[in-house]
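In: show me how the following folds:
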Amino acid sequence: MSERGKRIADSKVTISQVMLPTDANPQGNVHGGIIMKLVDEAGAIVAVRHSRRNVVTVAVDSMTFFSPIYVGNLVTLTASLSYVGRTSMEVEVLVEAEDPLTGQKTHTNSAYLVYVALDENGQPCEVPPLVAETDEERERLAKGAERQAQRLATKGEPV
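Out: Numbering: from 1, shown residues only. Predicted structure coming up:
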């Protein structure tokens with residue numbers, strides 16, 4: 001790790017997967033739980049790449065599905081860091097479904113997930129700082145810090 005930390009681009013990940021009949025209900029709609037699992041996996045990969053540690057999911061912000069995903073769609077998840085604390089990392093995951101026959105793409109949902117890095121004893125450990133290189137990235141990190149402050153302020157309270 002460099003003294004100045006790591007860039008958002010250093011851990012960003014894109015995963016694509018075709019949705020199969022085993023992923024769906026009898027009407028051909030992909031189960032939300034399948035997408036939630038993929039979102040968590042993409043987010044965890046980003047957190048591991050940044051921290052170079054095992055991580056655990058500690059929070060998933062609201063996940064709203066804007067449109068259905070169907071059998072045969074190519075689902076693409078793009079995940080990148082949006083905040084880094086001392087031991088925690090917030091990852092934004094964007095989900096897009098594409099009809100591979102028409103090329104039509106639809107943003108189906110997004111979510112913010114928080115992971116904590118663990119040391120060899122399974123205890124939270126420090127992670128590298130996150131370096132913002134552009135004004136857009138600085139704004140992204142500031143918004144992530146606001147979300148984290150809100151999470152901590154409401155910790156333990158039903159939201």
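In: next one: residue 125 from residue 86, what distance?
Out: Distance from residue 125 to residue 86, counting by Cβ to Cβ, to the nearest Å: 9 Å. Where C-beta positions appear, they are placed from N, C-alpha and C, glycine not excepted.
In: those two: which is more packed in?
Out: residue 125 (16 against 11; other Cβ atoms under 10 Å).
In: ok, that one - contacts?
Out: Each residue near residue 125 by Cβ atoms under 8 Å, 6 or more residues apart in numbering is listed here: 53, 87, 117-119.
In: same check, this time on residue 17
Out: For residue 17, the residues meeting the contact criterion (Cβ under 8 Å, 6+ apart) are 38, 74-75.
In: where does it land on pLDDT?
Out: Each residue has a pLDDT score; the one for residue 17 is 97.
In: tell me the SS of it?
Out: With DSSP: H, G, I helix; E, B strand; the rest coil as the basis, residue 17 sits in strand.
In: just list whatever residues bridge to it.
Out: Beta-bridge partners recorded for residue 17 (DSSP bridges): residue 75.
In: with distance to residue 143, neighbour count and pLDDT added, can I get the contacts of residue 17 in JSON lines?
Out: Rendered in JSON lines, the data for these read as follows (distance: Cβ to Cβ, whole Å; neighbours: other Cβ atoms under 10 Å; pLDDT from 0 to 100):
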{"residue": "38", "distance to residue 143": "24", "neighbour count": "20", "pLDDT": "98"}
{"residue": "74", "distance to residue 143": "29", "neighbour count": "15", "pLDDT": "98"}
{"residue": "75", "distance to residue 143": "25", "neighbour count": "21", "pLDDT": "98"}
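In: closest to residue 59 among those?
Out: Lowest distance from residue 59 to the contacts of residue 17 (Cβ to Cβ) belongs to residue 38, with 17.6 Å.
In: these two touch, right, the closest one and residue 79?
Out: No. Under the criterion of Cβ atoms under 8 Å, residue 38 is not in contact with residue 79, lying 9.9 Å apart.
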